[in-house]
Structures are given as structure tokens and as C-alpha cells.
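J.: give me a 3D structure for the following:
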Amino acid sequence: MISIPENEIEITFSRSRGKGGQKVNKTSTKATLRWDIYNSQVLTPEEKYKILHKLHNRITEKGELVLWSQSERSQSQNKEAVIARLNDLVNETLIPEKVRIKTKPTKSSKERRIKSKKRISEKKKLRKRIEF
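T.: Residues are numbered from 1 along each chain as shown. Predicted coordinates:
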């Protein structure tokens, strides 16, 4: 299980939306996290490639993964939430995929498929108009 150290991530705070009433308009509680994948010391080159490949839609052109959290009312809670999300995302991405074992269809599944095809064929035959 990989944990990204805090010296590799940059967290900025800005005004957030949502619950909080008038306080929302004057406090910066939204936490935005930026993590430079290319310059990370925690990952091997293979792990970096895997993350860049799987999370390509969340990564900027500079190679930064950007996440944010604004669900809580305090900066510290949003900071903890976004760091936890980063670690979960990275660890989930690095789980190796299971290799699919090819199998042959069973005899009963072949029979079901053919029965279904015959039933559909009969249905379509009944739709045709009979001409004399």
C-alpha cells in the first residue's frame, strides 16, 4: 500500500460552494491538491506509467494529478479528505488486473443459444404476409 508523502503534494485553498451559510462567502475551505507524477520519488517508472495510462483523463499536460474537496466546512477536514482520496486512487490504480482464462462454451449454453435463434426466426417468419 503506497502513501504519497506530503512534501510531494501541493495543496491550495479557495472559496467553496455549498453548506456553511454566510461563512461560505468569507472563508477559503475548498482544498485543491496537485501531485506531480513525473517527479514523484515514491513510485517506480512502471508504476508511474500505469498511473499516467489509467488516469489520463484526470492528469494535466504537465503531468499533475489534480483533485479537490469542498464537502466539509473546515480546511483541515477537506485537506484530509483530498489526501485520503489521492492515496485511495493511487492504490486502486496499482492493483494488478486479473488475467482472463479462456473457456469454451458449455453444451447447454450452445443449445440455449440455438433455441433462442430458432424462436426469433419463427417469430419473424410469422410476420411475413402469405401470398396466394
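J.: so where is this structure shaky, pLDDT-wise?
T.: Applying pLDDT under 70 to the chain picks out residues 18-24.
J.: which stretches of it form strands?
T.: 9-14, 30-36, 64-69 (DSSP state E).
J.: in TSV, list those strands along with distance to K128 and mean neighbour count.
T.: Heads up, the C-betas are built off the backbone N, CA and C, glycines and all. Compiled in TSV, the strands of the chain are given as follows (distance: least, Cβ to Cβ, whole Å; neighbours: other Cβ atoms under 10 Å):
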stretch	distance to K128	mean neighbour count
strand 9-14	67	14
strand 30-36	64	20
strand 64-69	59	18
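J.: nearest to S76, out of these?
T.: Set against S76 and scored by Cβ to Cβ, the strands of the chain come closest in strand 30-36, at 9.0 Å.
J.: show me what the closest one is packed up against.
T.: Here strand 30-36 touches strand 9-14, strand 64-69, helix 75-93, going by 3 or more Cβ pairs under 8 Å, 6 or more residues apart in numbering; DSSP states H and E.
J.: pull up the pairing partners for it, direction included.
T.: Sheet pairing of strand 30-36 (DSSP bridges) gives strand 9-14 (antiparallel), strand 64-69 (antiparallel).
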